[in-house]
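Participant: Here is my input, please return the structure:
(one chain, ligands or ions: 1)
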Amino acid sequence: MKKLAYVLTLSLFTSISVAQADDAAGAKLYTEKACLSCHGEAGNKPIMETYPKLAGQTAAYMVQQMKDIRDGKRTNGLSATMMGIMAGMSDDDIGKIASYLANQAPAPAAQ
Ligand code: HEC
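Facilitator: Down below sits the predicted model:
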């Protein structure tokens, strides 16, 4: 029984550290791919009021939106702004960035 608790604890810690490593990689990509230049630090301060805040948004939703923009399935008025950046982005990178952004504190509501 003790051994089982030990194994369970160990696997819990392992999955937490994998999630943290993914978020760190996501944060790095977010900066390297210049996402920050439009969506602001930690996805919290978009440079235009018409650009979306991303911090605290559900990861699964963001993954879907990023894939749809990359694959040309989402073509809103402003989607073209994102397309160039998303082109060539792997599903793996998209997942890491989404996980990082989902774990950031949501931006305060506009005044
Ligand atoms: C040149 C400015 C610009 C850059 C750079 C940019 N984005 Fe965007 N992003 C936008 C705009 C504008 C939209 C809204 C697109 C639309 O209306 O279809 C958007 C939409 C999104 C969405 C969907 C949000 C929602 O609520 O549906 C996500 C997620 C996102 N961007 C993530 C990223 C990530 C990650 C990067 C970097 C890899 C990035 N963006 C780089 C301008 C930008």
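
Participant: if I pick residue 19, what's in contact with it?
Facilitator: Applying CB atoms under 8 Å, 6 or more residues apart in numbering, we find residue 19 in contact with residue 99. For every residue, glycine as well, the C-beta is placed using N, CA and C.

Participant: what secondary structure does it sit in?
Facilitator: helix (DSSP: H, G, I helix; E, B strand; the rest coil).

Participant: any idea how far residue 71 is from it?
Facilitator: Note on residue 19: its distance to residue 71, by CB to CB, to the nearest Å, is 26 Å.

Participant: And for residue 46?
Facilitator: 23 Å.

Participant: which of the two has more neighbours?
Facilitator: Per other CB atoms under 10 Å, whichever of residue 46 and residue 71 has more neighbours is residue 46, with 15 against 11.

Participant: Tell me, how many residues neighbour residue 41?
Facilitator: Count around residue 41 with other CB under 10 Å applied: 11.

Participant: Equivalent analysis for residue 66, please.
Facilitator: 21.

Participant: shift numbering so it begins at 13
Facilitator: All set: I'll call the first residue 13, so the last point we hit is now residue 78.

Participant: Which strand or helix spans it?
Facilitator: Using DSSP states H and E, residue 78 falls within helix 71-82.

Participant: That helix - what's its average pLDDT?
Facilitator: Averaging pLDDT along helix 71-82 yields 98.

Participant: C-alpha coordinates for the next helix or strand after that helix, PDB please?
Facilitator: Toward the C-terminus, helix 71-82 is succeeded by helix 91-98 as the next helix or strand (DSSP H and E). Only the C-alpha atoms of helix 91-98 are listed here, as PDB (Å, rounded to 0.1, in the frame of the first residue of the first chain):
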ATOM      1  CA  SER A  91      -7.700  36.600 -39.400                       C
ATOM      2  CA  ALA A  92      -5.200  37.500 -42.200                       C
ATOM      3  CA  THR A  93      -3.200  39.400 -39.600                       C
ATOM      4  CA  MET A  94      -2.500  36.100 -37.800                       C
ATOM      5  CA  MET A  95      -2.100  33.800 -40.800                       C
ATOM      6  CA  GLY A  96       1.500  34.600 -41.700                       C
ATOM      7  CA  ILE A  97       2.600  34.000 -38.100                       C
ATOM      8  CA  MET A  98       0.600  30.700 -37.900                       C
END
